[in-house]
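Colleague: Turn this into a model:
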Amino acid sequence: MAATSLGPAYHRLWWATALSNLGDGIRAAALPLLAAALTKDPVAVAGVAIAGQSPWLIFGLFAGGVVDRFDRRRLTVLVDVARVTLLVALVVALSLGIAGIAMVYAVAFFCGIGETLRDTATVTLLPPLVNDADLDRANGGLVNAEVAGNELVGPPIGGYLFGVAMVLPFAINGGTLALAAALIFSLPNIFTPKPRSGARKGQIWRDTLEGLRWLTRHRHLRLLLILAGLFALMDSAWFAILVLYVPQILGLPEWGYGVLLGVGAIGGLAGGYFAARITRSIGSTAALTTCLASAALGQLMLGVTTSAIVAASGLALTSAAFGVWAVVARTLRQRLTPPELLGRVSSASMTVGMGAAPLGALIGGLLAAQWGLTAPILAGVPVLAACALICALRLRAN
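Modeller: Next comes the predicted model:
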């Protein structure tokens, strides 16, 4: 049977998500280039990445408390408008020749705060717009829009636009966010939170703790959170040294690294696209278990080969597994979490993933320095295999 349409409201949300993440990808590539044009200090240039990524670690958990307390549609629009204002200010400063590295840090940091709120809100905006039976398919579309904009399409466009004119990527980013805000504003006005007894103004931290307590007491979602953190940790450990693995283990020239990144991106998009079909064929628990087992197999292929074809196949397999996992895990959280807690549960899950990435990269670098470049790749194989076994035995999706 042909899939039914997800409806015009969903498609507006999809386009808003695609435009917002495209802009994020453009900005992520252009800000370091701008920093390098303003200063030759490598520490100062690296500080841009820290400024952009630290909001998740500092404010990520609280973002869910904010999203659950306010009208999610209006909050998303306000966040996008605020980021447009920041980018307009940067474009004006660059045009006048008065922009400095401190302003670059400020734009990266405050846009990063906006991302924590917007990414969390996007997850909560979806369930009221589609039927529960279509959540997996709808999430697949949103996850692919996020990956394509942030990782595949946005960064090369950002680098190209910066080479054309320094202000161009930031002006384009502001335009994509403005369009995204207009699309979100056009959604039905059905996101006003229900009044909660005992809720008090100015106590977001109490709301956050309430959400965390609920999450830690939920057996299924607690286990899902732990498994997701380990999955992200193991994935980041080997990905951090991939740039060295390609020439030293596979013997490929510099362009080989870019080709493998493209293979990984295509694998991830394929996983997101087929996630709903896989889940409906074998069920959520089997799909999550298969993701972990497939990732373990993919890393084993990467760790024991010197063949570029085998390595590319392993990379595509692990990336596809990660894409399926992202869709299935998000859909489960949406189905198992009460609407009034969804922002807090989603932000906690995303914060764990964002925190696991740099920790995994650090572990991967230490393992590679001590035991060689394949060590962080092979180290993840038994961990992921054990996670797959635990998932099969203990996780029972509703």
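
Colleague: can you pull the pLDDT of the residue of the chain positioned farthest from its centre?
Modeller: Distance from the centre of the chain peaks at L96, with 34.5 Å (CA atoms, centre = their mean). Reported pLDDT at L96 in the predicted model: 94.

Colleague: Can you give me every residue that contacts it?
Modeller: Contacts for L96 (CB atoms under 8 Å, 6 or more residues apart in numbering) come out as none. Glycine gets a C-beta too; all of them are placed from N, C-alpha and C.

Colleague: From F59, how far off is it?
Modeller: Going from L96 to F59 by CB to CB, to the nearest Å gives 31 Å.

Colleague: cool, and T305?
Modeller: Remark: distance between T305 and F59 (CB to CB) = 41 Å.

Colleague: now swap in A316 and tell me
Modeller: Taken as CB to CB, the span from A316 to F59 is 34 Å.

Colleague: who has more neighbours, the two?
Modeller: Using other CB atoms under 10 Å as the criterion, A316 and F59 rank with A316 on top: 21 against 16.

Colleague: chain center to the strand or helix carrying T76, what's the gap?
Modeller: Assigned by DSSP states H and E, T76 belongs to helix 72-96. In this view, helix 72-96 has its centroid 21 Å away from the chain centroid, taken as CA atoms, centre = their mean, to the nearest Å.

Colleague: just use 567 as the starting number from now, easier for me
Modeller: From this message on, residue numbering opens at 567, which makes the last subject helix 638-662.

Colleague: what element comes up after it heading to the C-terminus?
Modeller: Sequence-wise, the next helix or strand downstream of helix 638-662 (DSSP H and E) is helix 667-691.

Colleague: Show me what that following helix is packed against.
Modeller: Contacts defined by 3 or more CB pairs under 8 Å, 6 or more residues apart in numbering; DSSP states H and E place helix 667-691 against helix 574-604, helix 608-635, helix 638-662, helix 874-902, helix 908-937.

Colleague: right, and those helices - which one's nearest W771?
Modeller: Taking CB to CB as the criterion, helix 608-635 is the member of the helices and strands packed on helix 667-691 that comes nearest to W771, at 6.9 Å.

Colleague: helices and strands around that closest one, which ones?
Modeller: helix 574-604, helix 667-691, helix 770-783, helix 908-937.

Colleague: mind giving me JSON lines with those helices and columns for distance to G715 and mean neighbour count?
Modeller: Converted to JSON lines, the helices and strands packed on helix 608-635 look like this (distance: least, CB to CB, whole Å; neighbours: other CB atoms under 10 Å):
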{"stretch": "helix 574-604", "distance to G715": "3", "mean neighbour count": "22"}
{"stretch": "helix 667-691", "distance to G715": "12", "mean neighbour count": "23"}
{"stretch": "helix 770-783", "distance to G715": "28", "mean neighbour count": "16"}
{"stretch": "helix 908-937", "distance to G715": "16", "mean neighbour count": "20"}
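
Colleague: Residue ranges in the protein under the pLDDT threshold?
Modeller: The chain contains residues with pLDDT under 70 at 567-570, 761-768, 962-964.

Colleague: any idea how it splits into domains?
Modeller: As assigned by automatic domain parsing, the chain contains the domains 574-755, 771-960.

Colleague: Turn the helices and strands packed on helix 667-691 into a markdown table, including distance to G741.
Modeller: Conversion of the helices and strands packed on helix 667-691 to a markdown table gives the following (distance: least, CB to CB, whole Å):
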| stretch | distance to G741 |
| --- | --- |
| helix 574-604 | 8 |
| helix 608-635 | 20 |
| helix 638-662 | 8 |
| helix 874-902 | 28 |
| helix 908-937 | 26 |
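
Colleague: Can you say which of those is nearest to A747?
Modeller: helix 638-662 (3.8 Å).
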